[in-house]
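[1] everything below, folded, please.
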Amino acid sequence: MSAALKSSSGSGGGTRHFLELMDLDPASLRHMLELGKRAKRGEISGKPLDGKTVAMIFELPSTRTRVSFEVGIRQMGGESLVLTAKEIQLNRGESVKDTARVLSRYVDAIMLRTADVTNIREMAQYATVPVINGLTNISHPCQLMADVMTFEEHRGPIAGQVVAWTGDGNNVAQSFIQAAARFGFTLRMATPDLLKPPAELVAWARREGARIELTDDPVAAVAGARAVVTDCWISMSDEKTAATQNRHNMLLPYQVNGALMRHAAPDAIVMHCLPAHRGEEITDEVMDGAASAVLDQAENRLHAQKALLTWLLGRGGDAE
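    Predicted structure coming up:
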């Protein structure tokens, strides 16, 4: 089984984790989205994380993930403990297994941002507290919760809508495939042949009832779409190995620019998870234009994170 589809639930003694969208049923994910909308409206009262501490391990740099989690935890009455790879013994050969077991004695949840998906799976396997996937080389589920929330606040229910992805079939793209299966939207993906998402993941999504359309033509993908999504052309996990110039040349036709957007639906929104490399995968014209929902998308990381934390740790986290 490919890395993209290997079970990521982990044992953890039955502990609830948030590792992949594919691990969770649509009702649970929808409940989290509604919690996020309530959080944004200020309807989650009190301090649902009072007395809780969340350890956040960053093997990779972060702006939105770190700030949204830290602010969300504090606003809900909890405490956060930020640990970089250089500050803990993982950087000096201590096993993920031992780290998970030890941290579970100190904190109430662990968020890990890592380039290697096997680390998050091992953390969940041995932790006795909830583990959150803050990004891996194959997925970014926290981002997708904010993305679906952003679409719905701009254009209504996402089920039955068409979302277009153009660019690299990277970790965010792979989470979009999982989201299409769980939230019921059509996903059209335009990527160069060498940068397509894993075939096994696409096959899984289709077995789950998702409509996934793959092409190498960005115009065909974007035609009539209600949302156009892209991401940077070289992910953090690829920076040391990518043939940068060749990759840029390969992806240049997939740039989200004014000409491409003219093929989308007249009311289409544009999303980008940031950071953006302006002038590469997206132009200033589009990034700063009327169709851009990028800043709302970034803000919604906070509200989606608060919903996730409430679901994992807080009062009122379970669907009625």
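[2] got the contact list for residue 122?
    Shown in contact with residue 122 (Cβ atoms under 8 Å, 6 or more residues apart in numbering): 96-97, 100. Every residue, glycine included, has its C-beta placed from N, CA and C.
[3] pull out the buried positions in the helix or strand in which it is found.
    Element membership of residue 122 [criterion: DSSP states H and E] is helix 117-126. By neighbour count on 16 or more other Cβ atoms under 10 Å, the buried set for helix 117-126 is 117, 119-126.
[4] now do the helices in the stretch 201-320 of the chain.
    Assigned by DSSP state H, counting those that start in this stretch, the stretch 201-320 of the chain shows helices spanning 218-222, 244-251, 258-261, 284-287, 294-313.
[5] deepest of the ones you listed, which one?
    A comparison of these by mean neighbour count, using mean count of other Cβ atoms under 10 Å, puts helix 294-313 on top with a mean of 23.
[6] number of residues surrounding residue 288?
    12 (other Cβ atoms under 10 Å).
[7] where's it relative to residue 294, distance?
    For residue 288, the distance to residue 294 equals 9 Å [Cβ to Cβ, to the nearest Å].
[8] what do you get for residue 206?
    Taking Cβ to Cβ, one finds residue 206 at 30 Å from residue 294.
[9] cool, and residue 173?
    Counting by Cβ to Cβ, the gap from residue 173 to residue 294 is 17 Å.
[10] including pLDDT and distance to residue 135, could the buried residues of helix 117-126 go into JSON lines?
    Below are these laid out as JSON lines (pLDDT from 0 to 100; distance: Cβ to Cβ, whole Å):
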{"residue": "117", "pLDDT": "97", "distance to residue 135": "10"}
{"residue": "119", "pLDDT": "95", "distance to residue 135": "11"}
{"residue": "120", "pLDDT": "97", "distance to residue 135": "9"}
{"residue": "121", "pLDDT": "97", "distance to residue 135": "14"}
{"residue": "122", "pLDDT": "97", "distance to residue 135": "16"}
{"residue": "123", "pLDDT": "97", "distance to residue 135": "13"}
{"residue": "124", "pLDDT": "98", "distance to residue 135": "15"}
{"residue": "125", "pLDDT": "97", "distance to residue 135": "19"}
{"residue": "126", "pLDDT": "97", "distance to residue 135": "20"}
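[11] among the residues you listed, which pair sits farthest apart?
    117 and 126 (15.5 Å; Cβ to Cβ).
[12] sorry, back to before: ranked by average pLDDT, which of the helices of the stretch 201-320 of the chain falls at the bottom?
    Per-stretch mean pLDDT for the helices of the stretch 201-320 of the chain is lowest at helix 244-251 (a mean of 84).
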